[in-house]
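Q: Have a look at this prediction, sequence included:
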Amino acid sequence: MKTAVVIFPGSNCDRDVICAVRETLGREVIPLWHRETALPAGTDLVILPGGFSFGDYLRSGAMAARSPVMEAVVAHGKKGGLLLGICNGFQVLTESRLLPGALLPNDSLVFHCSPCHLRVERTDTPFTNSFTPRQIVQFPIAHGEGRYFLFPDELRALEDRLGVVFRYSTPSGEISGEANPNGSVNNIAGIISEGGNILGLMPHPERVSESILGGEDGRIFWKSILSFFEKGGKSNGL
Amino acid sequence: MTWRIEVFIQLKEGVLDTQGKAVEHSLVSLGHTGLKRVKVGKYIQLWVDAPSADQARAEAEKMCADLLVNEIIEGYTLEVEAE
Amino acid sequence: MTWRIEVFIQLKEGVLDTQGKAVEHSLVSLGHTGLKRVKVGKYIQLWVDAPSADQARAEAEKMCADLLVNEIIEGYTLEVEAE
Amino acid sequence: MDFKRYGLRKEEYEAAVSALGREPNECELRILAVMWSEHCSYKSTKHLLRHFPSTGEKVVLGPGENAGIVDLGDNLGAAFKAESHNHPSAVAPYQGAATGVGGIIRDILALGARPVASMDGLFFGSPDHPVTASLSSGIVAGVGGYGNAVGVPTVGGKTVYDECYNENPLLNAFCIGLVPLDEIVSSKTARPGQLVVLLGSKTGRDGIAGAAFASVLLSDDSKANKPSIQIGDPFAEKLLIEACLELQSKKLIVSMQDMGAAGITSSSSEVAAKSGVGMILHFDRVPLRAADMEPWEIALSESQERMLLIVDPLHLGEVQAVAEKWELDCAVIGETNEEDSYTILWHGTEVASFPAALLGDGCPPRRWPSKKPEDLEKNWHFDMDSLPLPKDWNAALLALLETPSLAPKEWIYRQYDSMVQTNTVTGPGHPLSVLRIRGRDSLLALVLDADPWKCALDPHRGGAETVARTIRTLSVAGADVLGLTDCLNFPSPEVPEQYWALEECIRGMAECCEALNCPVVSGNVSLYNETPSGAICPTPVVGTVGLIPSLEVYLPSGRWKEGDRLFLAGPCNSSLGGSQYLLSLGHRQAERPLMFSPEGEADFAERARKTARMKGASSGRALAGGGLAVALAKDGAESSRGARIALPVPTRHDVVLFGEGGPRALYSVPVGKVPLFRTIWKGYPLLEIGRVEGDTLTVEGAFSLPIGELTSRWRVR
Ligand SMILES: Nc1ncnc2c1ncn2[C@@H]1O[C@H](COP(=O)(O)OP(=O)(O)O)[C@@H](O)[C@H]1O
Ligand SMILES: [Mg+2]
């Protein structure tokens, strides 16, 4: 399993993700500057990390989505390759139209950083196969623009095709307004593409991949991806 | 010839304008009770070299589609004038 | 009577427009080579009840001073029209 | 020459004439005025700062450089410093705070260190003052807006509310970075024949003469004629950080300076003076944002996100390639030579020339008259009999927990990314912040603290107490103290009583540093913090850094276990002077803070460290604001456990429970560890005060509150 982590100017979780994947899985991870126009040969997984690409100016993720490297990233996703966007990376995925919807400023209008409970809604994806169904996990969030938005029709379509993979929940698993840190529709924290190969989520699994940092739920996330490949999953869809 | 193009971007109806709501709330509590509604959007100015106003407009529209506007949630209007 | 007031806010000349700079750079690298400059500001619409256009304008100017505009770095223009 | 127009004194003008051997021209006068402002020259305080001990076994780099560096062992150093950005934050809260954070990060970067964490000291006016809400929300948003975007976690801080900061908020920013000791970049290593390179953003008219602005009183007038305000661009800063670290790891730079106050002039003349080389700068080669800028404006511009590099001509191509990769402007603006002069050219014509050392060191020091305030001692006499015991203890404690300075600061630190870089072991919400160091067992421990009220009552004792508080917190957690940085925020030194307070505060701080072996490795002075409506309390802010050998021996707070015994280590006779309790009752000037005891503090620190190292307790907390009562409430709430407590002492319960000051800590000790714990503390005042049980926090003869009620006030995540 070979992972490429794209670095945009202003990315700031690139190192964190690289360390988390390397240390949890012990597999090869290659940093990729946004001006590259091809992925390293044999790339199985592309990660778009968190941060403030291009300063989050205009709209977060907007300029990164138009970076040179994105042509290769989009092609990888379109042919079924695994593609993961975390936080700012999720914003890049919606701005690239690889995932539906948009991420708007938090309803509080301020940046919000704290640990956060999530309910895992799907355990049949390459990214979540090692969680137990409806498992409650704790991944922290840290974003100013994480309010997931879709117009009602599309939202229904997304829910109908079971595209929601993570929802903000209470520690006991209720999906309530009180558990919603940013005003996202239906408490949505992470969604997957129709092909099941492109995942975007606002919370940060890489921040809970070591016990010294206060949590290890993130390891299950990385292990899912490894186990997908070990069980013969091909990075071209399900 | 250089043209100045003004682009006015705002959220589509149906997308909750939280910023507008917050501004509205603060202004009312500051005593501006005649205020009925606020919408907050973006005001972008572009200076573009183009042979004609129409071509400048076409170029600006392309910039909106390419980057400046997220059509899923935003709409916009343009105005072109000679610099 | 209700008036719609459009407020166009932009950074004063000489104040670093970090956003404009980044947007300009990005548009140029997307091939918009005729682009000479970008400024990014805010576009605020206010709906205000007032007896006359002048009073609506005065009220809007007060809102700008009270909250909407940071005079240290920003300037603005207003347009008033009957709704 | 009309030197006064530029803000120079007669002595200063004369010193300049005699050093130059001629009259300075206008451009030179403008430069001198800024370089010799209080903010840049420390002319009123340089001699006072000599009181601080600044050397020690662990000190790699002391004051005088961009930041201090302490030795973490195995060739790793921690570079840290704090800096104030008070005046800019008062005028433009968001941008002032943001550029304050950006500036301190570049200070750390200039040593070749990767910035790994920030902390912020915030001092706001009374919450019911009409501008406090907008100033505080703007400043907090600015700190977060910048720090979050550059990817340096803000892991802790200190927030104080007091009417003395009405319209004069303080923003102090602390940053720490890590650097291998053999890769430290120095400003002393430039040699003749090298290039002076400007890397980063273009130069504009931002904050011109901002340093001079920082050295005058804030009046309505100064707000009207604001210097064009500096705008921070964290995006550019992030690129600058990565570019500089890449240049350094490729060994492409000889020397590096950040551009802070007084911009190019300050940074370049400093390198020239420290390296003992001459320098010629061609200002027409500086990339500009406004084409019509004059040389003196270029000299003094405080445009952000720029670094000055000294580069060997052989490496220029590689340096430019790195700059190109990170999409940063990079211009050769001058060269070093063997002369002794620092010269600025404009299209080939000389516009300014000084002896290299004159700008940095030539300003004649300034002594202000000092006078002990007449009412000082009168304030110390407070008739305790006139102070009734609380009628309703529960209400008294809850009210205290709700005073703005003691209340939880979650609304603030939730706006800060405290976890990026994935090193944060203990983030904001605790008495100290702890970071792991990748690849090592040891942990970095950081505390930022201040106690302006005690400094106002008795600057000497208050200064000592401020430093001591940070060290107690580190010792209780099990850390060895490596050193500290400080920001001295004071009002005008021109008022004799205020100058006296400054001197006394520094003496008190220095006394504590000496006693506890804690060198001062960097710092910053901010004077003239007053408005027409009043002066701030003396506000020294201290950021102290320690090292905990391993996670195993890190003793956190708020970890009571059912059945644990609770101990108060330390004397019961603390003082209500400057305590949150007396303040909340409206007694601002009452009672004298506790005397500083060098032996007692050192003894405490030793035993506290031993307690952690020998794992003698399950939880420990040094007493701070609100005294024992608030420590019990916070620990109980964080542990979600109650306790039964009795205070078998004759001292008034309000003094025991709410008094502050002195080396004291609250420990919870598992029953099995009690003998060990007692042995460690044998010979030190120690009182077993109760046990952890149930879900009510009860102190006999005082309060009794359900833990749920406390957690709802003191909510931690
Ligand atoms: N401005 C701030 N920025 C970040 N964290 C802060 C700030 N102010 C306070 N905090 C955090 O809030 C917590 C409470 O601070 P404080 O009132 O000093 O109580 P304590 O006695 O627990 O240190 C600490 O963890 C501190 O780091
Ligand atoms: Mg504290």
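A: Received the coordinates, thanks. Ligands and ions are numbered 1, 2, ... in the order given.

Q: What does the closest residue to ligand 1 within chain A show for phi and psi?
A: Relative to ligand 1, the nearest point of chain A is residue A:113 (10.8 Å; Cβ to the nearest ligand atom). (Glycine included, C-beta is placed from N, CA and C.) In terms of degrees, to the nearest 10, the main-chain angles of residue A:113 are phi -120, psi 120.

Q: Identify the residue spatially nearest to it, adjacent ones excluded.
A: Closest residue in space to residue A:113, ignoring its immediate chain neighbours: residue A:142 at 4.0 Å, by Cβ to Cβ, 6 or more residues apart in numbering or on different chains.

Q: quick one: the residue of chain A closest to ligand 1 and residue A:53, what's the gap?
A: Residue A:113 sits at a distance of 18 Å from residue A:53 (criterion: Cβ to Cβ, to the nearest Å).

Q: So between those two, which is more surrounded?
A: Shown here are residue A:113 and residue A:53; by other Cβ atoms under 10 Å in any protein chain shown, residue A:53 has more neighbours (31 against 26).

Q: for the residue nearest to residue A:113, helix, strand, or coil?
A: Look at residue A:142: counting by DSSP: H, G, I helix; E, B strand; the rest coil, its state is strand.

Q: got a list of what the nearest residue to residue D:68 once chain neighbours are set aside touches?
A: Nearest-residue entry for residue D:68: residue D:521, 2.4 Å, with adjacent residues in sequence omitted and distances by Cβ to Cβ, 6+ apart. Residue D:521 sits next to D:54, D:59, D:61-63, D:67-70, D:80, D:483-485 when contact means Cβ atoms under 8 Å, 6 or more residues apart in numbering or on different chains.

Q: Secondary structure element holding residue D:521?
A: strand D:520-526 (DSSP states H and E).

Q: same deal with residue D:566?
A: strand D:565-569.

Q: So which elements touch that strand?
A: helix D:598-613, strand D:665-669, helix D:674-681, strand D:686-692 (3 or more Cβ pairs under 8 Å, 6 or more residues apart in numbering or on different chains; DSSP states H and E).

Q: Pull the residues that contact it.
A: D:560, D:604, D:607-608, D:628, D:632, D:643, D:645, D:664-671, D:674, D:677, D:681, D:684-692.

Q: Are any of those residues buried, and if so which?
A: D:560, D:604, D:607-608, D:628, D:632, D:643, D:645, D:664-670, D:674, D:677, D:681, D:684-692 (16 or more other Cβ atoms under 10 Å in any protein chain shown).

Q: Can you list the strands that the strand holding residue D:521 pairs with?
A: strand D:480-489 (parallel) (DSSP bridges).

Q: Report the rounded mean pLDDT for the partner strand.
A: Averaging pLDDT along strand D:480-489 yields 98.

Q: and what of stretch B:43-56?
A: 96.

Q: Nearest spatial neighbour of residue D:156, chain-adjacent residues omitted?
A: Leaving aside its chain neighbours, residue D:156 sits nearest to residue D:433 (3.8 Å; criterion: Cβ to Cβ, 6+ apart).

Q: Next, the one you found: phi, psi?
A: phi -110, psi 140.

Q: That one reaches residue D:447, doesn't it?
A: Yes. Using Cβ atoms under 8 Å, residue D:433 is in contact with residue D:447, at 7.4 Å.

Q: I'd like the next helix or strand past the strand holding residue D:566.
A: Heading C-terminal from strand D:565-569 (DSSP H and E), you reach helix D:580-584.

Q: ok, back up a step: burial measure for the residue nearest to residue D:156, as a count.
A: Neighbour count of residue D:433, defined by other Cβ under 10 Å: 25.
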